[in-house]
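> fold the following.
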Amino acid sequence: MRIFCATSNPGKLREFRLAGEEFQVQVEPLGKLAGLPPCEETGATFEENARLKAAYYGQHADGLLFAEDSGLEVDALGGAPGVFSARFAGEKAADEENNRLLLERMRDVHNRAGRFVCVVAVANGAEILSTFRGTVEGTILDQPRGSQGFGFDPLFYYPPFGSSFGETPREKKMTISHRGQALRDMFRWLRSRE
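Now for the predicted structure:
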């Protein structure tokens with residue numbers, strides 16, 4: 001079985017493919033993605049943005065396509081960076097810039113609770129067929145730890161593992177991560193429709 005995905009993020013693509021292997025689902029990036037104007041992420045929630053992207057890019061796929069929106073919600077920041085996680089420090093900000101800004105905002109903050117959230121939307125053309133949500137709770141560190149993963153992974157401490165996501169091997173992280181949860185639910189759903 002094959003499904004297209006709408007991402008140009010190599011870290012996400014690796015995780016998508018890793019999750020698909022368990023269900024014998026081949027995840028392929030949408031080849032036309034580079035030639036398309038990017039979808040405007042105007043949604044106020046992860047689900048709204050995932051649906052927008054899946055409906056937009058789904059029209060250009062030769063088969064089913066999924067898109068996801070994910071990010072970090074920090075309680076002390078009122079849920080920020082939230083849907084702005086990838087562009088927290090600016091539209092073209094690198095992971096290091098986003099991490100630096102988060103550390104600045106969290107300086108001297110005692111409540112360090114936060115969570116990663118992921119919503120995956122599946123589309124057939126412009127029609128949304130279903131959505132899947134995953135969350136994982138953790139705390140925000142006061143300095144980065146580890147060089148694995150991407151985004152805010154080095155600042156996200158997961159107590160049951162005793163490590164940050166940046167210190168956790170990808171295969172282990174995917175067993176409990178927000179993205180791993182949402183993707184497994186999607187792949188199970190896809191297999192149930194066969």
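
> contacts and neighbour counts: CA atoms only from here.
Noted.

> correct me if wrong: Val74 contacts Val83.
No. Val74 is beyond contact range of Val83, at 11.7 Å (criterion: C-alpha atoms under 8 Å).

> for whatever helix or strand Asn98 lives in, buried residues please.
Per DSSP states H and E, Asn98 falls inside helix 95-105. Neighbour-count burial for helix 95-105, with 16 or more other C-alpha atoms under 10 Å as criterion, is recorded at Asp95, Glu97, Asn98, Asn99, Arg100, Leu102, Leu103.

> could you check how far the fifth one is from His60?
To tie it back to what came earlier, the one meant is Arg100. To His60, Arg100 is 36 Å away according to C-alpha to C-alpha, to the nearest Å.

> can you check the last one too?
Relative to His60, Leu103 is positioned 39 Å away (C-alpha to C-alpha).

> and the spatially most central residue of the chain, how far from Ala50?
Nearest to the geometric centre of the chain sits Ser70, at 3.6 Å (C-alpha atoms, centre = their mean). Between Ser70 and Ala50 the computed distance is 8 Å (C-alpha to C-alpha).

> can you list residues touching both of these two?
Contact criterion C-alpha atoms under 8 Å, 6 or more residues apart in numbering; residues shared by Ser70 and Ala50: Val119.

> can you show me the strands along the chain?
Using DSSP state E, the strands of the chain run over 2-5, 26-29, 65-74, 113-124, 127-140, 156-158, 163-164.

> reformat these as JSON lines; add mean pLDDT and distance to Ser177.
What follows is the strands of the chain, written out as JSON lines (pLDDT from 0 to 100; distance: least, C-alpha to C-alpha, whole Å):
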{"stretch": "strand 2-5", "mean pLDDT": "96", "distance to Ser177": "19"}
{"stretch": "strand 26-29", "mean pLDDT": "94", "distance to Ser177": "18"}
{"stretch": "strand 65-74", "mean pLDDT": "97", "distance to Ser177": "11"}
{"stretch": "strand 113-124", "mean pLDDT": "98", "distance to Ser177": "8"}
{"stretch": "strand 127-140", "mean pLDDT": "98", "distance to Ser177": "6"}
{"stretch": "strand 156-158", "mean pLDDT": "98", "distance to Ser177": "10"}
{"stretch": "strand 163-164", "mean pLDDT": "98", "distance to Ser177": "12"}
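
> noted, bye for now.
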